[in-house]
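>>> Quick one, what's the 3D model for this:
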Amino acid sequence: PLERLLNEFEEQVTNMTRQVKDCETAVAAAGTQACVRMLELQPHLQAEADANKVSTAQLAELQTELSAAEQGLKDRDVAFADEQHRHRLCVEKLQNDVKELSAKNAELKAATNVTEELQNRVVQLPAENAELKAAADAMESLSAQLLELQVQLKARTETEAKALEKLQTL
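The predicted structure is shown next:
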């Protein structure tokens, strides 16, 4: 019985040794195949890695360009807002100038009316009175000056109104 047990044990050890050798052979064959496959794939993997490096560099370059473009847009927005503010201030100033000129024009019209009334009075007064004649001459001189100022004011008012229209169209 001991010999039989020993034979069975040896047979089991032999079977196990064979199985271990078969496994070692299978593992070696699989390792060889894996190495061959890795060697076959290595150029492709290297090409993909190189392409990824190029793509990464291009992406970084595009991101830099995008950042610069975004900053340029921000700068242009700030400049545009500043320009709009300056235009608004100019328009407001011109509107105020036009109001002032309109008020002065009304004053000049009132003064012109007074001058016309005075001229009518002077015409009605006797021509013999030298002092009244001198006053009439002075009034005529003032009237001429006033009319000249009125013409100048009217021209200035029209010029500023045109400038205001141009600014408002901007």
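
>>> and the helix or strand where residue 58 lies, what's its mean pLDDT?
In the assignment (DSSP states H and E), residue 58 maps to helix 2-124. Helix 2-124 shows a mean pLDDT of 89.

>>> Now find how far off-centre it is within its chain.
17 Å (Cα atoms, centre = their mean, to the nearest Å).

>>> burial measure for residue 115, as a count.
19 (other Cβ atoms under 10 Å). All C-beta spots, glycine's among them, are computed from the backbone N, C-alpha and C.

>>> and the most centrally placed residue in the chain, what is it in contact with?
Nearest residue to the geometric centre of the chain (Cα atoms, centre = their mean): residue 77, 2.4 Å. By Cβ atoms under 8 Å, 6 or more residues apart in numbering, no residues touch residue 77.

>>> Quick check: chain neighbours aside, which residue is closest to residue 97?
residue 160 (5.7 Å; Cβ to Cβ, 6 or more residues apart in numbering).

>>> what's the neighbour count on the one you found?
16.

>>> Show me what the strand or helix carrying it is packed against.
Following DSSP H and E, one finds residue 160 within helix 130-169. Using 3 or more Cβ pairs under 8 Å, 6 or more residues apart in numbering; DSSP states H and E as the contact test, the elements touching helix 130-169 are helix 2-124.
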